[in-house]
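> quick one, what's the 3D model for this:
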Amino acid sequence: MNKQALVGAFVLGGVGLLVAAFVFFGSFHPFTRTQKAVMVFRGATSGLAVGAPVTFRGVQVGSVDRVAIEYDPRSRDAYIPVYVTMRPDNITLAKDHGTAKLPSVEELVAQGLRAEMNLKSFVTGTSEIDLDFAPTSPATLHPDIVSGVEIPTKQSPIQAITQNVTQLPIKEIGDNANAALLAVRELADKLDRDMPPLVQSIRETSDHSREMVDSAHETIEKLQPELTRTLQNVDRLAATGSQQLDARGRELHSLLTDANATIVKAGRSLDNVSSMTSPRSAERANLESSLRDIAAAASALRGFANDVERNPQLLLMGRRP
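Numbering: from 1, shown residues only. Predicted coordinates for the structure are as follows:
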């Protein structure tokens, strides 16, 4: 009896430890209030398995119970319903709202609660479900598939990137890359053919240019003494010209002074002539009278000359009265 009692006590203790391990370390929580929900995904759910965590902004609020496949023969679409168990006991209300009650999952969905699948670990490739509020995301429900509480899903950034990558025209990109590589290869072959002659031509041009530079340098060295003497002669010529200009400056100044005095005198003479030729001037009247007398004398002299020409004896005998 003592041995049987010990064995029974040992078995009961082991069962108790096993139950305690399930309660404290496993997903079996007999004293915790839970709520079932379903999330329907249309894309791939790689890495999502039973027991995967369901988190809200990093805090675990549930776990995955089952992952299934629902096929619609009418639309030929495959849906991935994920059944989860939510633990509302992990959510508490603020102190200012102590009299209110926790909202249900349906109320949270109405407020914009959405689910998305994200990669949990890049090393293991496991995934998890993240919950957050996204009121701008449309709430797409599936009443034909889900009979209980459904949390709408939205596309995660990783899924969007994956979708964009899968929609990339990989074949066209590969063809373009091959064409680009062929063009680069043709260009490389052409450069291999054309570069040696071009390099040789550049080398010859460089050598010729070096010879020209050396020749120019030698010519400059030869011409440098002559250029120096020419510059010295130019300096002496400039100095001599400056001295001559200084010496002739006084003569030019006196010449300009005399010319200025002459111009003044000419101006005065012109003024006198102008005053003499004025219509109201007495000198002009006398001059006009003298001109008339001279004209009369010239007319008489012309008549006498004509008479002498007809009768030369007038010079000897004169005119008879």
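> what helices and strands are in contact with the longest helix seen in the chain?
For the chain, the helix reaching the highest residue count under DSSP state H is reported as helix 170-276. Helices and strands touching helix 170-276, by 3 or more Cβ pairs under 8 Å, 6 or more residues apart in numbering; DSSP states H and E, are helix 282-310. Placement of C-beta: from N, CA and C, glycine included.
> against residue 53, how distant is residue 215?
86 Å (Cβ to Cβ, to the nearest Å).
> so between the two, which is more surrounded?
More neighbours surround residue 53 than the other of residue 215 and residue 53, with 17 against 10 (other Cβ atoms under 10 Å).
> who's in contact with that one?
Residues near residue 53 by Cβ atoms under 8 Å, 6 or more residues apart in numbering: 60, 62-64, 120, 128-129.
> tell me the pLDDT at it?
We have a pLDDT of 91 for residue 53.
> again, but for residue 37
We have a pLDDT of 90 for residue 37.
> bridged to it, which residues?
Under the criterion DSSP bridges, residue 37 forms beta bridges with residue 84.
> my read is that it contacts residue 149, right?
Yes: assessed by Cβ atoms under 8 Å, residue 37 is found in contact with residue 149 at 4.7 Å.
> neighbour count winner among those two?
Set side by side, residue 37 and residue 149 show more neighbours around residue 37, with 22 against 14, by other Cβ under 10 Å.
> for residue 141, see how far away the more buried one is.
Applying Cβ to Cβ, the value for residue 37 to residue 141 is 12 Å.
> mutual contacts of the two, please.
Listed as contacting both residue 37 and residue 141 by Cβ under 8 Å, 6+ apart are residue 150.
> what about the stretch 101-250 of the chain, any weak spots by pLDDT?
Applying pLDDT under 70 to the stretch 101-250 of the chain flags the ranges 158-160, 162-167.
> do that again at 80, thanks
101-104, 121-122, 125, 156-171, 191-196, 198-201, 206-207, 241-250 (pLDDT under 80).
> state the distance from the residue nearest the centre of the chain to residue 242.
By Cα atoms, centre = their mean, the chain has its centre lying nearest to residue 180, at 27.1 Å. Going from residue 180 to residue 242 by Cβ to Cβ gives 75 Å.
> likewise residue 83?
114 Å.
> again with residue 209
44 Å.
> residue boundaries of the strands in the stretch 51-200 of the chain?
Along the stretch 51-200 of the chain, counting by DSSP state E, counting those that start in this stretch, strands occupy 53-56, 59-67, 70-72, 77-86, 113-119, 127-133.
> partner strands of the shortest one and their direction?
Strands flanking strand 70-72 in the sheet, each with its direction: strand 77-86 (antiparallel) (DSSP bridges).
> can I get the partner strand in PDB, CA atoms only?
The C-alpha trace of strand 77-86 is given here as PDB (Å, rounded to 0.1, in the frame of the first residue of the first chain):
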ATOM      1  CA  ASP A  77     -10.200  32.400 -56.200                       C
ATOM      2  CA  ALA A  78      -8.500  30.900 -53.200                       C
ATOM      3  CA  TYR A  79      -8.800  32.500 -49.800                       C
ATOM      4  CA  ILE A  80      -6.700  31.800 -46.700                       C
ATOM      5  CA  PRO A  81      -8.800  32.100 -43.500                       C
ATOM      6  CA  VAL A  82      -6.700  32.300 -40.400                       C
ATOM      7  CA  TYR A  83      -8.500  31.400 -37.200                       C
ATOM      8  CA  VAL A  84      -7.100  33.100 -34.100                       C
ATOM      9  CA  THR A  85      -7.800  33.300 -30.400                       C
ATOM     10  CA  MET A  86      -7.900  36.800 -28.900                       C
END
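> any idea how far that strand is from the chain center?
Distance of strand 77-86 from the chain centroid (Cα atoms, centre = their mean, to the nearest Å) equals 50 Å.
> kindly report the same for stretch 218-235.
54 Å.
> and if you look at stretch 60-77?
Centre-to-centre, stretch 60-77 and its host chain are 50 Å apart (Cα atoms, centre = their mean).
> what separates residue 230 from residue 152, distance-wise?
As judged by Cβ to Cβ, residue 230 and residue 152 stand 99 Å apart.
> okay, the two: which has more neighbours?
It is residue 152, of residue 230 and residue 152, that has more neighbours when counted by other Cβ under 10 Å, with 18 against 11.
> excluding its backbone neighbours, what's nearest that one?
Once flanking residues are discounted, residue 152 sits nearest to residue 139: 4.2 Å by Cβ to Cβ, 6 or more residues apart in numbering.
> that neighbour reaches residue 153, doesn't it?
No: if you go by Cβ under 8 Å, residue 139 and residue 153 don't touch, sitting 9.6 Å apart.
> quick check: neighbours shared by those two?
Common contacts of residue 139 and residue 153 (Cβ under 8 Å, 6+ apart): residue 114.
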